[in-house]
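**Q** Sequence first, predicted model second:
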Amino acid sequence: MSVVHYLARILAPWQSTFSSSKALSTSVTTVHMLALFFGGGLAVAADRSTLRLYRADAADRIQQLRELRAVHRPVLVALSFLFASGAALVAADVEAFATSPVFWVKMGLVTLLLANGAVLTRTEWRLRQTTLPNDSEPVATVSLWRRLRWSAVASVAFWTATLIAGVVLTNT
């Protein structure tokens with residue numbers, strides 16, 4: 001017996017409950033979509049501000065670093081709900097998801113999104129440690145701002161691609 005078939009057998013009670021209850025399936029899907037809406041929305045809004053302030057003065061950049069720091073927690077909470085609801089959705093039809101190329105593309109995009117989030121968070125942390133409110137930023141700081149900018153671009157792209165993959169997945 002393959003691992004997928006074994007998991008399907010173990011998860012059969014959940015699959016049965018999920019598929020026979022419109023309220024449950026609607027609730028899980030709603031949690032997944034709301035978490036994506038809030039987490040992705042906050043992240044993309046913060047990314048937009050980062051891109052807008054890329055050439056701003058030091059005071060505006062420092063304020064943006066504070067804003068980025070403040071947005072991390074709600075995005076992480078939303079990601080937690082995304083993972084929990086996503087796991088519940090996958091458990092409801094593990095055999096279909098395990099064999100879906102679109103699902104694996106989406107999981108790859110989620111992995112890239114998380115890795116980029118780690119780079120973005122680390123870069124923001126390093127900038128907060130090195131940025132001083134003056135006009136002469138050291139070269140290392142300029143390089144970090146450039147990395148933060150590219151991370152913001154990648155973040156918008158990964159959130160968008162993950163959303164598109166999710167829509168495609170629901171229609172395959």
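**A** Arrived safely. Residues are numbered from 1 along each chain as shown.
**Q** Give me the nearest residue to residue 141, chain neighbours excluded.
**A** When the adjacent residues along the chain are set aside, residue 141 lies closest to residue 130, with 5.2 Å between them (C-beta to C-beta, 6 or more residues apart in numbering). From N, CA and C alone the C-beta is placed, and that goes for glycine too.
**Q** Check the burial of the one you found by counting its neighbours.
**A** Applying other C-beta atoms under 10 Å, we find 12 other residues in the vicinity of residue 130.
**Q** my guess is it contacts residue 144, does it?
**A** Yes - under the contact definition of C-beta atoms under 8 Å, residue 130 touches residue 144, with a separation of 7.0 Å.
**Q** intersection of neighbour lists for the two?
**A** Where contact means C-beta atoms under 8 Å, 6 or more residues apart in numbering, no residue is in contact with each of residue 130 and residue 144.
**Q** How many residues are close by residue 69?
**A** 14.
**Q** residue contacts, the residue nearest to the spatial centre of the chain?
**A** Residue closest to the average C-alpha location in the chain (C-alpha atoms, centre = their mean): residue 113, at 5.4 Å. With contact set as C-beta under 8 Å, 6+ apart, residue 113 has these partners: 155, 158-159, 162.
**Q** Of all the residues in stretch 63-70, which ones are buried?
**A** Neighbour-count burial for stretch 63-70, counted by 16 or more other C-beta atoms under 10 Å, picks out 64-65, 68.
**Q** thinking again about what came up before, can I get the contacts of residue 113 in CSV with distance to residue 171 and pLDDT?
**A** Putting the contacts of residue 113 into CSV (distance: C-beta to C-beta, whole Å; pLDDT from 0 to 100) gives the following:
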residue, distance to residue 171, pLDDT
155, 25, 97
158, 21, 97
159, 19, 96
162, 15, 96
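**Q** So which of those residues are in strands?
**A** Taking DSSP state E, every one of the contacts of residue 113 sits outside strands.
**Q** out of those residues, which are buried?
**A** In the contacts of residue 113, burial by neighbour count holds for 155, 158-159, 162, counting by 16+ other C-beta under 10 Å.
**Q** For these, please prepare JSON lines with the additional fields distance to residue 93.
**A** Written out in JSON lines, the entries for those read as follows (distance: C-beta to C-beta, whole Å):
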{"residue": "155", "distance to residue 93": "30"}
{"residue": "158", "distance to residue 93": "25"}
{"residue": "159", "distance to residue 93": "25"}
{"residue": "162", "distance to residue 93": "19"}
